[in-house]
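Asks: show me the folded form of this:
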Amino acid sequence: MWTAVQPGRGCSGPGHPRSGCLLVAHPQQAPAPFFAGLDHPTEDDNAVPIKTSRARGNEPIKQFSVFTANQVGRLFDLTSLLAAHEVHVLAVMALDTTDSTILRVVVDDPEAARELLREHEFPFTESEILAVEMEAATQLKEVLAALLEAEINIYYVYAFLTRPQGKLALALNLEDREVAAQALTQHQFKVLNQGDIAR
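Replies: Now for the predicted structure:
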């Protein structure tokens, strides 16, 4: 901080934009530390937020698209790897071409599946899909009608292998997942999330 001091009448000294004034420097007081008034930061101050099981349960269902050579036994290799670590495949679809195959899988533990795929060098991508529960296979027409009414384009669809209480479920990749979920909910269909399929 600087204070102007007049050495005499007229303040005619040189140097500063305020003509004729001398400047006296005063040290500034250091700002108070962030933790002033606190004893010490606690462990909680540096804690990383933890994603609870309830938060994970509300997440959309994850789908893994695994890319592999079009060879005999590759689907067996993948499902055996997951099963050996108690990761259960709940829905699966294979799309093959001349030289390669895309294996699309939905599992009950996506975090564990992700680490296993990376560890064993399976090339993959991850996306969110919509899953809808049905009471019977005859409701397929009603599901499709609800999506048609909302003008939702379906890219592909496949079925879950099993659901509790014998109910059926479809996995759908859609043009607009949020709008599709609203349309199905309005028609009294249950849209599943990751918590609904976890074990």
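Asks: low-confidence stretches in the protein?
Replies: 1-57, 164 (pLDDT under 70).
Asks: can you show me the helices along it?
Replies: With DSSP state H, the ranges of helices along the chain come out as 53-57, 74-84, 110-119, 140-149, 177-186, 194-197.
Asks: what's in contact with stretch 186-199?
Replies: Stretch 186-199 has contacts (CB atoms under 8 Å, 6 or more residues apart in numbering) with 53-54, 56-62, 88, 90, 106, 108-110, 130-134, 139, 142-143, 146, 160, 169, 181, 184-185. To be clear about C-beta, it is placed using only N, CA and C from the backbone, and glycine gets the same treatment.
Asks: show me what contacts the residue nearest to the spatial centre of the chain?
Replies: What sits nearest the mean C-alpha location of the chain, by CA atoms, centre = their mean, is residue 59, with 7.7 Å. By CB under 8 Å, 6+ apart, the residues touching residue 59 are 193, 194, 195.
Asks: so how far is stretch 178-191 off the chain centroid?
Replies: Chain-centre distance of stretch 178-191: 21 Å, with CA atoms, centre = their mean, to the nearest Å.
Asks: re the thing from before, which of the contacts of residue 59 lies closest to residue 102?
Replies: Comparing the contacts of residue 59 against residue 102 with CB to CB places residue 194 closest, at 21.6 Å.
Asks: give the closest residue to residue 176 in space, chain neighbours not counted.
Replies: Spatial nearest neighbour of residue 176, excluding adjacent residues (CB to CB, 6 or more residues apart in numbering): residue 152 at 6.0 Å.
Asks: over to residue 58?
Replies: Excluding the flanking residues, the one nearest residue 58 by CB to CB, 6+ apart is residue 193, at 5.7 Å.
Asks: quick one: contacts for the closest residue in space to residue 147 that isn't next to it in sequence?
Replies: Excluding its sequence neighbours, the residue lying closest to residue 147 (CB to CB, 6+ apart) is residue 180, at 5.9 Å. Contact partners of residue 180, counting by CB under 8 Å, 6+ apart, are 130, 147, 150, 152, 172, 174.
Asks: export the residues you listed to JSON lines and tack on distance to residue 71?
Replies: Output for those, formatted as JSON lines (distance: CB to CB, whole Å):
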{"residue": "130", "distance to residue 71": "31"}
{"residue": "147", "distance to residue 71": "36"}
{"residue": "150", "distance to residue 71": "41"}
{"residue": "152", "distance to residue 71": "36"}
{"residue": "172", "distance to residue 71": "29"}
{"residue": "174", "distance to residue 71": "31"}
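Asks: out of those residues, who's nearest residue 74?
Replies: Among the contacts of residue 180, and counting by CB to CB, the member closest to residue 74 is residue 172, at 24.9 Å.
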